[in-house]
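Participant: Starting from these lines, generate the structure:
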Amino acid sequence: MIHLLHGIRTGGPSPIEGLIPYLTGFEVAYPDYGFVWELETRIVNSAIVGTLLPYVKASDILIGHSNGCAIAYEMMQRAPQVAGAVFINAALETNIVRPPSCPWIDVYFNPGDQITELAQIGAAVGVVDRDWGQMGHAGYSGTDINITNINCGEQRNMPIVSGHSDFFTDRNLASWGPYLATRIQEHVSHD
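Facilitator: Modelled structure (predicted):
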């Protein structure tokens, strides 16, 4: 099963729902935990994790967008095991430590993501989730070979993504959705 974890929403559907048609062959869960404001993440994220964690199994994959990545990251730290994770424009620090309970993480980022550039400031002053940072803008900066950076702002033969949710626009998702699904299938077939 794949769990889609949306980011901060203040109205309308979440962009991450656009991935559902591309995830054929997988059961997909989209827990819509409602609208969350930036300043609520310090309190609300842990409550969301506590609510969703009993539904996550060792064979499941977590896909997060923005703050959904912070939720996924906390879930991985508390879960006994997950099969893998995908972070799209993650509102996370760039130097996270992959929990041993997660064998791989793919990080989709682009330098045009200014929202996650701002996220690191909110984390520094303590007004948002403590793990927030600019991963969505800069990618992963550590040395873990099981975390793969995918720069959507300069990937060859693919549309250029520039912005916090630009990955999910129709013109980009038509190429990036199958790419992401193929990478997940490759991970699953190697496990």
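
Participant: so how far is the helix or strand harbouring Glu186 off the chain centroid?
Facilitator: Secondary structure assignment for Glu186, by DSSP states H and E: helix 170-190. Its chain's C-alpha centre and that of helix 170-190 lie 14 Å apart, by C-alpha atoms, centre = their mean, to the nearest Å.

Participant: Please shift the residue numbers so they start at 33 in all later answers.
Facilitator: Done: numbering now begins at 33, and the last item shifts to helix 202-222.

Participant: That one - contacts with which helices or strands?
Facilitator: Helix 202-222 is packed against strand 116-120, strand 137-141, with contacts defined by 3 or more C-beta pairs under 8 Å, 6 or more residues apart in numbering; DSSP states H and E. Glycine gets a C-beta too; all of them are placed from N, C-alpha and C.

Participant: and if we set it to 10 Å?
Facilitator: If you count contacts as 3 or more C-beta pairs under 10 Å, 6 or more residues apart in numbering; DSSP states H and E, helix 202-222 packs onto strand 93-97, strand 116-120, strand 137-141, strand 179-183.

Participant: okay, and the helix or strand of this protein with the least pLDDT?
Facilitator: Between all helices and strands in the chain, the lowest mean by mean pLDDT, DSSP states H and E belongs to helix 146-156, at a mean of 64.

Participant: Many thanks, we can stop here.
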